[in-house]
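Chemist: Model the following, please.
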Amino acid sequence: MLKLKTFWLMAAGAALCLPNASSAADASPPSDWRQAVETAVLADIARILGEPIVEYTVLARNQQYADLTQSRIDDLDDQWRKERESDKQPLISAVLSNPTSTYLTRVQAQSIGLYSEIFVMDDDGLNVGQSNISSDFWQGDEAKFQETYDRGAGSVFIDEPEFRDDIGVWVVQVNTTIDRDGNPIGAATFEVNLTELARRHAATGLEG
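Modeler: The predicted structure is shown next:
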């Protein structure tokens, strides 16, 4: 079973000093959010991505799409966008039905609101698996890929927080290279709910 560990929740609470951070009306993100992410969330992400199914699916995709041209990548991205508006979704269905997407969907559900989106990319920046349907298929032209995979093994890129009006919370994208034996094979993005992270700190403080 994939469950958030008790020590993880305690680490998040210890790193976060956010007395009023759970209010959706806050004009700025929770204070010390970066410290909390670096202290606790990155370790949890490493655990999640360490499951063999992630590596297996990424390597299989890298082999399948080994000779893609940029033109073909653009075509696939365009196909994905069109399928989002269509009842026929062969490309989207193929991604969402694979084992890594099933795994990431379960991880997101078991995070109980901490992760609002998760997706894994191959060595071209194309989505391999995801917890829900992303707006596009190719991430290779975005910082989430260029600041991780393109920079080599062990790279992490934490974007700036933003307030999501649709769900009324502060979120931040945490991006990391997926490595195998010290070499990058892909990348991953986790959208972290900072408001929920702050709420857990407040709850931990009350319990203590």
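
Chemist: only C-alpha atoms for contact and neighbour calcs from this point on.
Modeler: Fine.

Chemist: Where do the strands of this structure begin and end?
Modeler: Taking DSSP state E as the criterion, the chain contains strands spanning 115-121, 127-130, 156-158, 162-164, 169-180, 183-193.

Chemist: Restricting to C-alpha, output the longest one in CSV.
Modeler: I take that to be strand 169-180. Once non-C-alpha atoms are left out, strand 169-180 reads as follows in CSV (Å, rounded to 0.1, in the frame of the first residue of the first chain):
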residue,chain,number,x,y,z
VAL,A,169,-5.7,26.9,-3.1
TRP,A,170,-2.1,27.8,-3.6
VAL,A,171,-0.1,25.3,-5.6
VAL,A,172,3.4,24.9,-6.8
GLN,A,173,4.9,22.6,-9.5
VAL,A,174,7.9,20.5,-8.3
ASN,A,175,9.8,19.0,-11.1
THR,A,176,12.6,16.4,-11.1
THR,A,177,14.7,14.3,-13.4
ILE,A,178,14.1,10.5,-13.3
ASP,A,179,17.4,8.8,-13.2
ARG,A,180,18.7,5.3,-13.8
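
Chemist: Give me the mean pLDDT for it.
Modeler: Predicted confidence along strand 169-180 averages 97 (mean pLDDT).

Chemist: follow-up on the earlier one: nearest to residue 87, out of the strands of the chain?
Modeler: Closest approach to residue 87 among these is made by strand 127-130 (19.4 Å; Cα to Cα).

Chemist: So for the closest one, what gets flagged as buried?
Modeler: 127, 128, 129, 130 (16 or more other Cα atoms under 10 Å).

Chemist: any chance of those in CSV, plus distance to residue 49 and pLDDT?
Modeler: Shown next, in CSV, are the buried residues of strand 127-130 (distance: Cα to Cα, whole Å; pLDDT from 0 to 100):
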residue, distance to residue 49, pLDDT
127, 15, 97
128, 13, 97
129, 12, 97
130, 12, 97
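
Chemist: re the thing from before, with distance to residue 64 as added columns, please give the strands of the chain in CSV.
Modeler: Supplementary listing: these in CSV, determined by distance: least, Cα to Cα, whole Å:
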stretch, distance to residue 64
strand 115-121, 13
strand 127-130, 11
strand 156-158, 26
strand 162-164, 35
strand 169-180, 18
strand 183-193, 13
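
Chemist: Deepest in the core, which of those strands is it.
Modeler: With neighbours defined as mean count of other Cα atoms under 10 Å, these peak in mean count at strand 127-130, which reaches a mean of 27.

Chemist: so what does that strand touch, helix or strand wise?
Modeler: If you count contacts as 3 or more Cα pairs under 8 Å, 6 or more residues apart in numbering; DSSP states H and E, strand 127-130 packs onto helix 52-64, helix 90-96, helix 99-110, strand 115-121.

Chemist: any idea which of these is most buried?
Modeler: Highest mean neighbour count of the helices and strands packed on strand 127-130: strand 115-121, a mean of 24 (counted as mean count of other Cα under 10 Å).
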